[in-house]
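**Q** Sequence and predicted structure are below.
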Amino acid sequence: MKTIAMIPARYAASRFPGKLMQILGNKTIIRHTYENAMATRLFDEVVVVTDSQVIFNEITHYGGYAMMSKLPHESGSDRIAEAVADLEVDIVLNVQGDEPFIKKEPLQQLLKAFEGKSGSAVQVGSLMQVLYDPVLLNDPNTVKVVVDNNRDALLFSRYPIPYLRDKTISPVYYQHIGVYAFRKNALMTFSNTAMTPLEEAEKIECLRYLENGIKIRMVETTYHGVSIDTPEDLERAKLLV
């Protein structure tokens, strides 16, 4: 089974333009993400797919593999769907460019969700971790997810879910981590489907799957990294380098 990792890398991020070229330690964020994905040795190929010549040059200058998008795209999944359309591949793993702390174990756990008899029905998978920090829980830049008894996603939101109406209970809150894995046909179906109302409202691309009845298997991990969505996230990330 051929498995590749694609890293969508948009330069003009709405909340933090140029964030992927910010320096974290002694490297850019996008270079950390690429090199950490390569270091897992889980993939037949690792590719950065970008709309930016600056990011393309950053990756290729250090011997990495990058591709330029041909069309503008609203989501990272749409960007990588264009890149893999003509490739022979079974599983595509999407690592967001702003995940510089990604490690082997969470990616390995995610890929295992597609294996065996139970995994044969999984079309899309993603990662989540328990969310303890009340500041992040109420931060709209931190995406939350709730799941059913099979660990399939019920809903993603920037709002704290579940809403705590009964103050006597202590629900577990999960943070969605921006790493997805798809069977190629599921990814291409996503790309050929119009943006859906919840996706458009929340600006969370995986809601397009749920709104079209495609389940997302969530894999819990103890990732404990930092997604770089804002300048404040970058400052938090610097404490981990």
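**A** Nice, thanks for sending it over. Numbering: from 1, shown residues only.
**Q** Please make it C-alpha for all contacts and neighbour counts, starting now.
**A** Will do.
**Q** same question for the longest strand along the chain, mean pLDDT?
**A** For the chain, the strand reaching the highest residue count under DSSP state E is reported as strand 174-183. Strand 174-183 shows a mean pLDDT of 92 in the predicted model.
**Q** Just the buried positions in it, please.
**A** Of the residues in strand 174-183, those with enough neighbours to count as buried (16 or more other Cα atoms under 10 Å) are 174-183.
**Q** Just flag the most distant two among the residues you listed.
**A** Across the buried residues of strand 174-183, the longest distance by Cα to Cα is 24.1 Å; it joins Tyr174 and Arg183.
**Q** one step back: which residues touch the longest strand of the chain?
**A** Judged by Cα atoms under 8 Å, 6 or more residues apart in numbering, the contacts made with strand 174-183 from elsewhere in the structure are 90-96, 99, 110-111, 123-131, 142-146, 156, 227.
**Q** Show me how to select, in PyMOL, the buried members of those residues.
**A** In PyMOL, a selection of the buried entries from those looks like this (16+ other Cα under 10 Å):
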select buried, resi 91+92+93+94+95+96+99+110+111+123+124+125+126+127+128+129+130+131+142+143+144+145+146+156+227
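**Q** So what touches stretch 152-164?
**A** With Cα under 8 Å, 6+ apart, stretch 152-164 has contacts from 137-148, 171, 173, 176, 202, 204, 206-207, 210, 215-218.
**Q** Out of those, which end up buried?
**A** Applying 16+ other Cα under 10 Å to the contacts of stretch 152-164, the neighbour count classes 137, 141-146, 173, 176, 206-207, 210, 215-218 as buried.
**Q** closest to Arg79 among those residues?
**A** Distances from Arg79 to the buried ones among the contacts of stretch 152-164, taken as Cα to Cα, are shortest for Cys206 (13.7 Å).
**Q** Which residue ranges make up each domain of this protein?
**A** Here the domain assignment for the chain is 1-101, 121-177+187-227, based on automatic domain parsing.
**Q** Which of those domains has the highest mean neighbour count?
**A** Ranked by average neighbour count under the criterion mean count of other Cα atoms under 10 Å, those are headed by domain 1-101 at a mean of 18.
**Q** The protein: helices as residue ranges?
**A** Per DSSP state H, the chain has helices spanning 29-39, 53-61, 76-84, 104-112, 116-119, 134-137, 184-191, 197-202, 207-211, 231-238. These are given in chain order.
**Q** Distance to Ala5 for the ones you listed - can I get that in CSV?
**A** Supplementary listing: the helices of the chain in CSV, determined by distance: least, Cα to Cα, whole Å:
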stretch, distance to Ala5
helix 29-39, 8
helix 53-61, 15
helix 76-84, 10
helix 104-112, 10
helix 116-119, 19
helix 134-137, 28
helix 184-191, 12
helix 197-202, 24
helix 207-211, 20
helix 231-238, 23
